[in-house]
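Novice: structure for the following, please:
(one chain, ligands or ions: 1)
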Amino acid sequence: MNETATGPVPAIELRATTKRFRTPSGGVHTAIRDLSMTVAPGEFCAVVGPTGCGKSTTLSLVSGLERPGSGQALIHGEPVTGIDRRVGFMFQTDAVFPWKSVLDNVAAGPQFRGTARKDAVESARDWLRRVGLAGFEDRLPHQLSGGMRKRVALAQTLINEPEILLMDEPFSALDVQTRQIVQDELLALWELTRPAVVFVTHDLEEAIALADKVVVLTVGPGTVKDAFRIDLPRPRKVQEVRFHPHFVAVYERIWRSLRDEVQLAYERTAGTTAAPGGPGEPGPPADTRTGDAVGTGQNLTDATKGHHH
Ligand SMILES: Nc1ncnc2c1ncn2[C@@H]1O[C@H](COP(=O)(O)OP(=O)(O)OP(=O)(O)O)[C@@H](O)[C@H]1O
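Specialist: Take a look at the predicted model:
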């Protein structure tokens, strides 16, 4: 797919955004530099990159929590000027009211947006059923398992029917089995309303299993290094898609791009005496060819077919 100008207006667009923060010591830290990317309406985009490269900062520009120092963040072609009701969030930590029941937590969003309590509660019941929590409406959040709390968070976010869904490592605190279940639930629910998604993760397997497109950021200040199209069939089950014949090839291709950045980030934090072998290779054993890192970011590589444009 060609990402440039002529297509429909992207749901999300970052145009050459740069973001600098003041550091406690009075210096300036550039978190992202000249970062450009787009997400089409209904597209599921995962963003991977080494620690500290600016993934969360990128999300905060889309959410309106932060403004770019230069460049532009756009939603449906309009500059982001603040928190937008069309945007939903899900973060690593759950944003629940601990003193409210599960039902009231899920109903809170629509009520805040002006829906009458009765309708909000009815809709919350529907969403709790969809995430498999019928019967748990009266529990308090702390009376649920971590996986169940994630489902509450999903219901809480999706009940507002966001056109854009921003997720910052939402499942990283879960054990592997629970994570896979909740990932499948996310995909099934996403299919219902198809928001445009930006999903930040450290886990390349998760990124590929979920996304239509995986964007690799460079070591900080982050900018887009590569973007890979993931042409695995949908609907997907994350456990099954891992065994798709293309999956390992896709993984290797993207890891080759990501690996150098991870290595650089590691060497920075380890000083000049980086341990040989560095951070190691997560995931499937790769047939390790070194270093044919590609392109300058704006090209979209079809990871399943292996062309670099
Ligand atoms: N409000 C802030 N003030 C100062 N520096 C910040 C601020 N927010 C982020 N940074 C710095 O900007 C850089 C990018 O941070 P960010 O959280 O976006 O990275 P990340 O890729 O999400 O990291 P991780 O993968 O570790 O979660 C980091 O060096 C961070 O310390």
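
Novice: contacts for stretch 72-81?
Specialist: 9-17, 61-64, 67, 84, 86-87, 163-164 (Cβ atoms under 8 Å, 6 or more residues apart in numbering). C-beta here means a position set from N, CA and C on the backbone, and glycine is covered the same way.

Novice: just give me how far it sits from the chain centre.
Specialist: 18 Å (Cα atoms, centre = their mean, to the nearest Å).

Novice: tell me the buried residues in that stretch?
Specialist: 72, 73, 74, 75, 76, 80 (16 or more other Cβ atoms under 10 Å).

Novice: would TSV of these with pLDDT and distance to the ligand be doable?
Specialist: Converted to TSV, the buried residues of stretch 72-81 look like this (pLDDT from 0 to 100; distance: Cβ to the nearest ligand atom, whole Å):
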residue	pLDDT	distance to the ligand
72	97	18
73	97	14
74	97	19
75	97	19
76	96	24
80	96	17
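
Novice: and the contacts of stretch 72-81, which are buried?
Specialist: The buried subset of the contacts of stretch 72-81 - by 16+ other Cβ under 10 Å - is 10-15, 17, 61-64, 84, 87, 163-164.

Novice: nearest to residue 114, of those?
Specialist: residue 84 (16.2 Å; Cβ to Cβ).

Novice: ok, now which ones touch the closest one?
Specialist: Counting by Cβ under 8 Å, 6+ apart, residue 84 has contacts 63, 64, 75, 164.

Novice: show me where the stretch 1-150 of the chain has its helices.
Specialist: 55-63, 102-112, 117-130, 146-158 (DSSP state H, counting those that start in this stretch).

Novice: could you list the low-pLDDT ranges of the chain?
Specialist: Residues of the chain meeting the criterion pLDDT under 70: 1-6, 271-299, 302-309.

Novice: who does the residue nearest the centre of it form a beta bridge with?
Specialist: Centroid check for the chain by Cα atoms, centre = their mean gives residue 199 as the closest residue, at 0.9 Å. Counting by DSSP bridges, residue 199 forms beta bridges with residue 46, residue 167.

Novice: isn't it right next to residue 171, touching?
Specialist: No. Residue 199 is beyond contact range of residue 171, at 9.6 Å (criterion: Cβ atoms under 8 Å).

Novice: and the lengthiest helix in the chain with the ligand, contact?
Specialist: Ranked by residue count under DSSP state H, the longest helix found in the chain is helix 247-269. No. Applying Cβ under 6 Å from any ligand atom, one finds helix 247-269 separated from the ligand by no less than 9.0 Å.

Novice: would you mark the buried spots in that helix?
Specialist: By 16+ other Cβ under 10 Å, the buried positions in helix 247-269 come out as 247-248, 250-267.
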